[in-house]
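Asker: Okay, predicted coordinates and the sequence, questions at the end:
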Amino acid sequence: MAGITPAAVPREPRPYLELLDVAKHFGGVRALDGVSLQVYRGSVHALVGENGAGKSTLGRIVAGSVVKDSGEVRLEGEPVSFRSPREALEHKVAAISQEPFVVPQLSVAENVFLGVEPRSASVLRRRKLRENYAELAETAGFDLDGSLPAGRLRTAEQQKLEILRALSRDAQLIVMDEPSAALSARETVQLHEIINSLAYAGKTIILISHFLQEVLELADEVTVLRDGKLVRTALAAGETEGSLVEAMLGRSLTSTFPPKRLAPADTPVLLSVRDLEAPGVNGVSFDLRAGEILGIAGLVGAGRTELARAIYGAARIEHGTASLAGTDVGRSPRRSLTAGLAMIPESRKDEGLIFLRSVTENASLSRLPFFASLGVVHRKRERATARLMLEECEVRGASYASPVATLSGGNQQKVLFARTLMCSPRVMIADEPTRGVDIGAKRAIYDFLTKLAERGLGVVLVSSELEEILGLAHRVLVMRQGRFVAELEGPAIEEGAILAAAFADETRAELTE
């Protein structure tokens, strides 16, 4: 299946999907401004652009979750105007959203076949459900237990559930919004094989992705959007990462990562972790020095996020200690913040932001107990301080009094960084700090992390993106099965060494096939 490419399917003379002069506004914000494009059956058509460029809005219009203001959408030459995702599904159009949707109380299998469960006289046929799920999961190549409660799934596993749900509907057109954002390297390879096989079978994929290498590997054609307008549509074979970045930003991006500046070897130890055991973590020890960016690498499920949560106090420490300059942390998030340890969580949706509250309020959450105890004058000062932090983190796109939900993903992530600055931290744990943000926002976040280290902060960087670890970390600890299995520093920090430590031999062989 890995050798199959969408190009094996000849292009039909008539487009399968057409968008003609499509426009959409949200209040005074212009999300799409007269966008026209053609998508052919059996192809992978990628949409790229910065956050706020209109990619996801366009995908949601196609999938029925957003109604266009003007223009026309044609499917197989016939005008359509879907008013809901259910109506789109009736026309074999499905979507895989960037933020997975699951019903936590139901099993994985029940979530996958939600609304189309096998029933007899309104009674769920559980045996048939298990059989259908097992066949679908085997076809997709996903090792995901259908009997598990969906609420226990990690983000990457929820994304696989979304993919299986779309496949269960026999969708002919699938809109995939950042489908690999939360997947490991091996799972991403499997996803790419599935996308290629679906296209080879004549199904059509609209791929929305920030990973430009992924776009170039998978797509037949690429449409670039900027500020809600169409920049160009071109064959992917004629594009490069550089050409796409320049079209997305309207300028060239000379370097992805800022230069590394190593801190002196005699800088003091800020964070010391000794024999730490917690759920998913098995006896971990390390030191973090001032001015150091320490990368934590490994597979999804290796224990990286579990380690970060335990140190911060969001998960129970069963044994061992974590101390910041001699003060115990890891007992509670409030205690950690007071000691000067801040954290950017893995999921800004589930653990980071209150989306209906204002940008300023979200930036102030880390000081909420103190904030609430102040008088009116001091509260105004706190808000002013929050706004200063938001400006320093270059949060753009909306009034600071607006709900944080109105911001793009990259700006939402910057709000989390502003919140950490409110605590004057000495150590920051950044868990997947660039998940779901565009390339321009990524570079801003990389610059910010580097700037923090240069100020003397210690930074623990947890990332599934290997290039982030390679481009930013001064030292790398590789996790597998809850333990550190390798420590790399300086010239030893290279892709092959990290993969060798993170993967078992048979897994590495699969990746290189």
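Answerer: Perfect, thanks for sending it.

Asker: The helix or strand hosting residue 134: which residues count as buried?
Answerer: For residue 134, the element it lies in under DSSP states H and E is helix 126-140. For helix 126-140, the neighbour count (16 or more other C-beta atoms under 10 Å) marks 129, 132, 133, 136, 137, 140 as buried. (Each C-beta comes from the backbone N, C-alpha and C, glycine too.)

Asker: go on, stretch 350-359?
Answerer: So stretch 350-359, judged by 16+ other C-beta under 10 Å, has buried residues 352, 353, 358, 359.

Asker: State the pair within the residues you listed that is farthest apart.
Answerer: Taking C-beta to C-beta, the two most distant members of those are 352 and 358; they sit 14.9 Å apart.

Asker: now the strands for the stretch 301-450 of the chain?
Answerer: Secondary structure of the stretch 301-450 of the chain (DSSP state E, counting those that start in this stretch): strands at 319-324, 327-329, 341-344, 427-431.

Asker: Parallel or antiparallel, which strands does the shortest one pair with?
Answerer: Neighbouring strands of strand 327-329 in its sheet, by DSSP bridges, are strand 319-324 (antiparallel).

Asker: residues making contact with the strand it pairs with?
Answerer: 270-277, 283-285, 310-311, 328-330, 336, 339-341, 426-427 (C-beta atoms under 8 Å, 6 or more residues apart in numbering).

Asker: just stretch 446-459 next, same as before
Answerer: 256-258, 260-261, 263, 267, 270-271, 288-294, 393, 414, 417, 425-428, 430, 433-434, 461, 468, 471-472, 474.

Asker: just checking, next helix/strand downstream of the helix holding residue 134?
Answerer: helix 155-168.

Asker: Name the residues of that following helix that come out as buried.
Answerer: Neighbour-count burial for helix 155-168, with 16+ other C-beta under 10 Å as criterion, is recorded at 155-168.

Asker: wait, which of those is closest to residue 503?
Answerer: residue 156 (15.8 Å).

Asker: Would you confirm that that closest one contacts residue 187?
Answerer: Yes - counting by C-beta atoms under 8 Å, residue 156 touches residue 187, with 6.4 Å between them.

Asker: Could you tell me which residues touch both of the two?
Answerer: Residues touching both residue 156 and residue 187 (C-beta under 8 Å, 6+ apart) are residue 300.

Asker: if we look at the sheet, which residues does the nearest residue to residue 62 once chain neighbours are set aside bridge to?
Answerer: Once flanking residues are discounted, residue 62 sits nearest to residue 175: 5.6 Å by C-beta to C-beta, 6 or more residues apart in numbering. Beta-bridge pairing for residue 175 (DSSP bridges): residue 95, residue 206.

Asker: Where does pLDDT dip in the chain?
Answerer: Applying pLDDT under 70 to the chain flags the ranges 1-12, 98, 182, 184, 252-255, 368-379, 397-398, 504-513.

Asker: Which parts of it belong to which domain?
Answerer: 16-102+171-249, 103-152, 268-340+426-513, 350-424 (automatic domain parsing).

Asker: May I see the buried residues of stretch 113-127?
Answerer: residue 113.

Asker: Give me the distance from that stretch to the chain's centre.
Answerer: Mean-position distance between stretch 113-127 and its chain equals 33 Å (C-alpha atoms, centre = their mean, to the nearest Å).

Asker: Now tell me what touches that stretch from outside.
Answerer: 103, 106, 110, 128, 129, 132, 133, 165, 168, 169.

Asker: just stretch 222-229 next, same as before
Answerer: Stretch 222-229 has contacts (C-beta under 8 Å, 6+ apart) with 30-35, 37, 45-50, 52-55, 58, 215, 230-236, 239, 244, 247-250.

Asker: next one: stretch 141-156
Answerer: 100, 102-112, 130, 133-134, 137, 157-158, 160-161, 163-164, 182-184, 187, 190, 193-194, 300-301, 346-347.

Asker: ok so, going back, measure how the helix holding residue 134 sits relative to helix 155-168, angle-wise.
Answerer: 100 degrees (axes from the mean of the first three to the mean of the last three C-alpha atoms, to 10 degrees).

Asker: May I have helix 126-140 as PDB, with CA atoms only?
Answerer: Extracted in PDB, the C-alpha atoms of helix 126-140 (Å, rounded to 0.1, in the frame of the first residue of the first chain):
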ATOM      1  CA  ARG A 126     -23.400  -5.400  19.900                       C
ATOM      2  CA  ARG A 127     -21.900  -8.500  18.300                       C
ATOM      3  CA  LYS A 128     -22.400  -7.100  14.800                       C
ATOM      4  CA  LEU A 129     -21.000  -3.800  16.000                       C
ATOM      5  CA  ARG A 130     -17.800  -5.500  17.200                       C
ATOM      6  CA  GLU A 131     -17.500  -7.400  14.000                       C
ATOM      7  CA  ASN A 132     -17.900  -4.300  11.800                       C
ATOM      8  CA  TYR A 133     -15.500  -2.400  13.900                       C
ATOM      9  CA  ALA A 134     -12.800  -5.100  13.800                       C
ATOM     10  CA  GLU A 135     -13.100  -5.300  10.000                       C
ATOM     11  CA  LEU A 136     -12.900  -1.500   9.600                       C
ATOM     12  CA  ALA A 137      -9.900  -1.200  12.000                       C
ATOM     13  CA  GLU A 138      -8.000  -4.000  10.300                       C
ATOM     14  CA  THR A 139      -8.600  -2.400   6.900                       C
ATOM     15  CA  ALA A 140      -7.300   1.000   8.200                       C
END
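
Asker: now it, how far from the chain's geometric center?
Answerer: Counting by C-alpha atoms, centre = their mean, helix 126-140 is centred 28 Å from the centre of its parent chain.

Asker: For residue 292, which non-adjacent residue is spatially closest?
Answerer: Spatial nearest neighbour of residue 292, excluding adjacent residues (C-beta to C-beta, 6+ apart): residue 474 at 5.2 Å.

Asker: What distance do you get for the one you found to residue 449?
Answerer: Residue 474 sits at a distance of 11 Å from residue 449 (criterion: C-beta to C-beta, to the nearest Å).

Asker: any common contacting residues for the two?
Answerer: In contact with both residue 474 and residue 449: residue 293, using C-beta under 8 Å, 6+ apart.

Asker: one step back: to residue 403, which of the strands of the stretch 301-450 of the chain lies closest?
Answerer: That would be strand 341-344 among the strands of the stretch 301-450 of the chain, by C-beta to C-beta, at 20.2 Å.

Asker: Who are the packing partners of that closest one?
Answerer: Where contact means 3 or more C-beta pairs under 8 Å, 6 or more residues apart in numbering; DSSP states H and E, strand 341-344 is packed against helix 304-312, helix 333-339, helix 409-421, strand 427-431.

Asker: For residue 200, find the nearest of these.
Answerer: Of all the helices and strands packed on strand 341-344, helix 409-421 sits nearest to residue 200, with 31.4 Å by C-beta to C-beta.

Asker: got the angle for the closest one vs strand 427-431?
Answerer: 160 degrees.
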